[in-house]
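**Student:** Got a sequence here, can you build the structure:
(2 chains)
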Amino acid sequence: MVPTSYYIALSGILFALGMVGVLTRRTAIMVFLSVELMLNASNIALVAFARSWGDLTGQTAVFIVMTLAAAEVAIGLAIIVAIFRKRETTNVDDLAAMKG
Amino acid sequence: MMIAFILLGALTLVGGVITIAAKNAVHAALGLVGTLISVAGLFATLNASFLAATQVIVYAGAIMVLFLFVIMLLNANAPITGRDPIPFVRELAGLGGVVLAGSFVILAVSYKDPLPLAGATAALGGGSASVVGETLLTRFLLPFEAVSILLLVAIVGAVALVQRPVPQPDDVPDNEPELLAPPVGSAISRGGNQPALQHRNDEGEVRA
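**Tutor:** Reported below is the predicted structural model:
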């Protein structure tokens, strides 16, 4: 049986990969894909901890995270499409009108 | 079990690297599909069979189709070239990622299982749909209902965000006949609105 710590290490590396993607990619869609990577990393950790404690709470949390991700993607992509119609770009460097 | 973990873990990381490094956005999305399916396999090795199935259906199926659809709709598969406005952002992000991954690995190595793993695994009941569903509809009923409302709001919000104002035939002023001509491309964007267009065309002909 694979120890829980291996799964947690894998989840941490995947999360760091997603973070690097969020910081370096410059298309809004690619930033979104990297956020999905980070969400999946956290899901691996939740399921691994659920097995470690013999408790289904972690698996239930993953189910809710998946639903949240679906809602986030629907709204986020709608916002990207709306911005693209107005500005003809999804480059996050050009979308700095709010100085954020 | 260990071999399955190593293979799936390697596939997960390779997919993740493709996702963040691919020049073409479609390739990146396909790399993410590989990661998502490998994560489903990892769920299966963790006795979460229902979540493994949900991961494939919801994530690798529905969400990725939405992503690919938007990438192709916006024609956004070409990378953004040119100088990055933030100096050394790649180097700094890579350094931060290495530090973060290293700290996670150190934390993970120091983690000790609170229970014997075999007994804890047996308590999960295989993570089948019936046990997960029972937990979801008893202990976590309120979050479950809250998330369903959130999904409803997300559906309405997505439609409201991308909706274009539909011009009404009554709104067109009578003294500007050039407005009666249907704008180019409007028939494609407002699919299924052919009767309205037909009506306006008829009006134009009557006026001419």
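**Student:** in which helix or strand would I find the closest residue to chain B within chain A?
**Tutor:** Of all residues in chain A, the one sitting closest to chain B is A:Gly12 (2.3 Å; CB to the nearest CB). Where you see a C-beta, it was placed from the backbone N, CA and C, and this is true even at glycine. Per DSSP states H and E, A:Gly12 falls inside helix A:4-24.
**Student:** Output the contacting helices and strands for that helix.
**Tutor:** Applying 3 or more CB pairs under 8 Å, 6 or more residues apart in numbering or on different chains; DSSP states H and E, one finds that helix A:4-24 contacts helix A:28-53, helix B:2-21, helix B:25-45, helix B:89-109.
**Student:** How about the shortest one and chain A, touching?
**Tutor:** In this case it means helix B:2-21. Yes - counting by CB under 8 Å from any CB of the partner chain, contacts between helix B:2-21 and chain A involve B:2, B:5, B:9, B:12-13, B:16-17, B:19-20.
**Student:** Flag the shaky bits of chain B, pLDDT-wise.
**Tutor:** By pLDDT under 70, the weakly predicted segments of chain B are B:76-77, B:79, B:82, B:171-208.
**Student:** Next, the angle from the lengthiest helix in chain A to helix B:25-45.
**Tutor:** Looking across chain A with DSSP state H, the single longest helix is helix A:57-87. Going by axes from the mean of the first three to the mean of the last three CA atoms, to 10 degrees, helix A:57-87 is angled at 170 degrees with respect to helix B:25-45.
**Student:** Tell me which residue in chain B sits closest to chain A.
**Tutor:** For chain B, CB to the nearest CB, closest residue to chain A: B:Phe104, 2.3 Å.
**Student:** Reformat the helices and strands packed on helix A:4-24 as TSV; add mean neighbour count and distance to A:Ala78.
**Tutor:** Below are these laid out as TSV (neighbours: other CB atoms under 10 Å in any protein chain shown; distance: least, CB to CB, whole Å):
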stretch	mean neighbour count	distance to A:Ala78
helix A:28-53	23	12
helix B:2-21	18	22
helix B:25-45	22	18
helix B:89-109	15	28
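**Student:** Of all these, which one is nearest B:Ala118?
**Tutor:** helix A:28-53 (10.6 Å; CB to CB).
**Student:** Distance from that closest one to the middle of the chain?
**Tutor:** 6 Å (CA atoms, centre = their mean, to the nearest Å).
**Student:** Repeat that for stretch B:161-173.
**Tutor:** 30 Å.
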